[in-house]
Every structure is written in structure tokens, then in C-alpha cells.
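>>> would you be able to build a 3D model of this:
(one chain, ligands or ions: 1)
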Amino acid sequence: MQGMTAENFTPQRCRNSLIPYYHLEWNDLAPECSHCYCALTVAHVLLECNHYNVVRQRYFNVSSLHELFEAVSAQNILGFIRDIGLYRLL
Ligand SMILES: [Zn+2]
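Numbering: from 1, shown residues only. Sure, this is the predicted structure:
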């Protein structure tokens, strides 16, 4: 499968790529974040997890997934995902 780039990026594809990973990894309906033990969701990783704050601040500062996918460029979203080590999933 070809990796995601700014050209073929879509919010749908981004979410669909991340969600199955968490369910496989933790095999649980409500997996926990390994860094802070909050419920692990796409929103948690992209917006909320304190563990990624420093990296996240370099790329965007938004309060919802809707805002993220509306206001932030695909390049920045992908840059963030790359820096936190999850780009291989996309
Ligand atoms: Zn977390």
C-alpha cells in the first residue's frame, strides 16, 4: 500500500488508518493510551494526549477533529503523525 501524502490525504483515510491499529494493538473495545491511561481514540492522539504536546505545538493548535481537518494543512497533520512515530500506519 502506498503511503499517505499531502496529495492523497483525506480525513476519512487518516482516521480509518489509525483506528484499526489501536483495536489490534490493545484488542479491547476501550483501549487505554499507554502514556496517560486515558481512553485511546484518534482524537486523543491527534488533539489531547499530553505526551505529544511538544510535537503537536509545532504543527497545530486546535480543539476538535473537525477544526483540525478544516483548518490545518494535510502537510502539518502528516508531519505531526510522522514525528510521533505513527506514519507507518498510514
Ligand atoms: Zn495519552
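>>> Cys14 and the ion, how far apart?
As judged by Cβ to the ion, to the nearest Å, Cys14 and the ion stand 18 Å apart. For the C-beta atoms, the positions are set from N, CA and C on the backbone; glycine is no exception.
>>> so that residue is in contact with Ala6, correct?
No: with contact defined as Cβ atoms under 8 Å, Cys14 and Ala6 do not form a contacting pair (11.7 Å).
>>> who's more crowded, the two?
More neighbours surround Cys14 than the other of Cys14 and Ala6, with 22 against 12 (other Cβ atoms under 10 Å).
>>> contacting residues for the more buried one?
By Cβ atoms under 8 Å, 6 or more residues apart in numbering, Cys14 lies in contact with Met4, Val42, Phe69, Ile77, Ile81, Leu90.
>>> try it again with 10 Å
Cys14 is in contact with Met4, Val42, Leu46, Leu65, Leu68, Phe69, Ala74, Ile77, Leu78, Ile81, Leu89, Leu90, counting by Cβ atoms under 10 Å, 6 or more residues apart in numbering.
>>> likewise Glu7?
Ala74.
>>> three-state assignment of it?
Under DSSP: H, G, I helix; E, B strand; the rest coil, Glu7 falls in the coil class.
>>> so how far is the ion from it?
30 Å.
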